[in-house]
Every structure is written in C-alpha cells, then in structure tokens.
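In: Based on what follows, work out the 3D shape:
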Amino acid sequence: MTNYSSANHTNNGKNIKSSQQRPAFSTIKLMVGGAALTALLASSGCATNELLESGTRVSSKTVNNIISQDQIIAFGRPATALPNMPMASMVIVGAKNSYVLTQGGTEMINLLTNLSAKNIQVENDMTFNVPKNDGYFQGQMKMSYAKLKDEFARSDYQFFLQNGGQDCTSASDLRINAQRFCFMVPVQGAIYPQVSNLSMIQSKYQPLSKPYTVTFYGQTQQTQATSSGANTGQKLVLLPFALAFDVITLPFQILGAVAN
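Out: As a prediction, this is how the structure comes out:
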C-alpha cells in the first residue's frame, strides 16, 4: 500500500514536471520560428515595409524620384579656382546648371587626358543621387578603354594597374582579338549656376553627336496615401552662395569620344 502511494506520488510529480516544461518548450519553438521568419523577411531584400495599426494595413516603400534632368553641353575645368574646391576639379557643363566634381574629378581628367580619345567609351546613362537635395550630389562615372591586343604597350597595362582598370573584355571583343578595360570612378560634387561663358562654348564647339543627359534623383518614403510617380513639386537645389564661373573645356575630340 505504501509502495503504491509512493509510486503514484512519483508519477504525479513527473506529470506535474512535464506539464511545467511544455510551455517553455512551446515558447522556445515560437522564439525560433519568429527568428526564422525575421531572417527570411530580412533576406528577401524587399524595399516595402508593412505596418499594422489599429487593424489597418499601411504599406510604405522607398521610391526614387527624378528631380531634374539636364542636357550636357561640354566637359571642362574651372577657369579660375573656386572657393573650397579642388583646383583640378572636373566640370560637367549643362544647359541649366554646371556640376563641379569635388571628388573623382582629378581621376576622370587623368583618364580622359592620358588615354587615346578614340578608344574611350563613357556610359551615356549618367545618374546621380541627391540624398538631401542641399546642393550636393554623388554617384559613379563609368568608362571603358578598348584596343586590339597587339596595340597595347607595357605602359598601357602599367597605367591600368595604377588607376584601377579592370579587364572587362567581352565576347564581341574577343572575336576581333581586342581587349577592354573598365574604370568606375566614385564621384561627389556640387551644383552651381550655369557657367558664365556658356554662349561662347556653344558657338565655338559643335554639339555632341547624340543627346547626352545627366539625371538627378532623390529618395522618399511612399505610402498608400501618397500618389505615385515623380515628385514634380520638388526642385533641384543649388549650392548655397554659389556663383557662376567661366570654364575651360576639354579638347573637342574627347567630347566626341564621350558622346559616342
């Protein structure tokens, strides 16, 4: 009789202990499941965030809004030093504004002036981000340099090594026994008013052989209540206190290479 009570008491103890452990195990499973779901959502890379507020579903996403586009007239350098700007800055001369590279300009001028212009190709899609729309922009400028393999000299390869050139030879290049090197230059810059000698540049130099534009965009959080499309009410902001200046253009044959 005593043994039966003791066994029963032991079994009851095990049952109680087991019942106490089950919620903890369930909690662990929920925590693991929640962590896995969070990791899955994070790894999806989705730019849309969904919120549940008082039973109402509100979605938001990051949208790139085109703020301004400009027609490129020429590439050059400031005729005189600009305040707080590198002397060797490169200037993108636009019909509306001028765009001075504060970072990456020296590298671009070095590439455009030291490589044979007829073998240079600059991507026509020039797009820059204006994170705060405060007169500053950032992005990348991409170009490639290609020749027949037997036309490359040792000095060419040395220049590529020193300036970050990467072999990007395509199948089309290989078919004609050519080799191509690509350059990607991170740039930052400031937005200035239209250059003072724009009319002289337009009269002295022929226009580029094809339309060549630069695009500036900003990023905004868009919700269901926000209309889609470009933010037409937003305007590109110039650098505060920036004044117009004269520019010395790069050689026309380089501009022709950029346009083509």
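In: is it true that N97 touches K235?
Out: No - counting by Cβ atoms under 8 Å, K235 is not a contact partner of N97; they are 11.3 Å apart. Glycine gets a C-beta too; all of them are placed from N, C-alpha and C.
In: who has more neighbours, the two?
Out: Taking neighbours as other Cβ atoms under 10 Å, N97 and K235 compare with N97 leading, 22 against 10.
In: how far away is the more buried one from Q179?
Out: Distance, N97 to Q179, by Cβ to Cβ, to the nearest Å: 38 Å.
In: now do D173
Out: For D173, the distance to Q179 equals 6 Å [Cβ to Cβ].
In: Equivalent analysis for V185, please.
Out: Separation of V185 from Q179 (Cβ to Cβ) stands at 20 Å.
In: Next: S196.
Out: Applying Cβ to Cβ, the value for S196 to Q179 is 42 Å.
In: neighbour-wise, which of the two wins?
Out: Q179 (20 against 14).
In: Which stretches in the stretch 101-250 of the chain count as helices?
Out: With DSSP state H, counting those that start in this stretch as the criterion, the stretch 101-250 of the chain has helices at 105-114, 154-162, 171-175, 198-204.
In: now what about the first one, what contacts it?
Out: In other words, helix 105-114. Residues from elsewhere that reach helix 105-114 (Cβ atoms under 8 Å, 6 or more residues apart in numbering): 75, 77, 86, 88-91, 101, 120, 141, 143, 145, 159, 163, 183, 185, 187, 189, 250, 254, 258.
In: Same check on the shortest one?
Out: Helix 171-175 has contacts (Cβ under 8 Å, 6+ apart) with A146, Q179, R180.
In: residues contacting the nearest residue to the last one once chain neighbours are set aside?
Out: If I follow you right, that is R180. Distance criterion Cβ to Cβ, 6 or more residues apart in numbering; nearest residue to R180, sequence neighbours excluded, is A146 at 4.0 Å. Contact analysis of A146 by Cβ under 8 Å, 6+ apart lists N119, Q121, D173, A178, Q179, R180, F181.
In: Touching, the last one and C168? I think so.
Out: So the one you mean is F181. Yes - if you go by Cβ under 8 Å, F181 and C168 touch, sitting 6.6 Å apart.
In: So between the two, which is more surrounded?
Out: A direct count of neighbours by other Cβ under 10 Å for F181 and C168 places F181 higher, at 23 against 15.
In: what's across from that one in the sheet?
Out: Y145, D167 (DSSP bridges).
In: Equivalent analysis for F137, please.
Out: Listed beta-bridge partners, F137: G189 (assigned using DSSP bridges).
In: same deal with the one 4 residues further on?
Out: Beta-bridge partners of M141, counted by DSSP bridges, are V185.
In: Could you double-check that I66 sits in contact with Q219?
Out: No - here I66 does not reach Q219: they are 11.3 Å apart, not a contact under Cβ under 8 Å.
In: Ends of stretch 85-99, what's the gap?
Out: End-to-end distance for stretch 85-99: 12 Å, by Cα to Cα, to the nearest Å.
In: Touching it from outside, list them.
Out: 68, 70-78, 81-82, 100-102, 104-106, 108-109, 126, 128, 137, 189-195, 198, 201, 214, 236, 238, 244-245, 247, 249.
In: which stretches of the stretch 101-250 of the chain aren't confidently modelled?
Out: 124-125, 205-211, 220-234, 250 (pLDDT under 70).
In: Could you rerun that using 90?
Out: 102, 105-126, 131-134, 141-143, 197-214, 218-250 (pLDDT under 90).
In: any idea how far the nearest residue to A79 once chain neighbours are set aside lies from E123?
Out: Leaving aside its sequence neighbours, A79 sits nearest to D246 (Cβ to Cβ, 6+ apart; 3.9 Å). For D246, the distance to E123 (Cβ to Cβ) stands at 28 Å.
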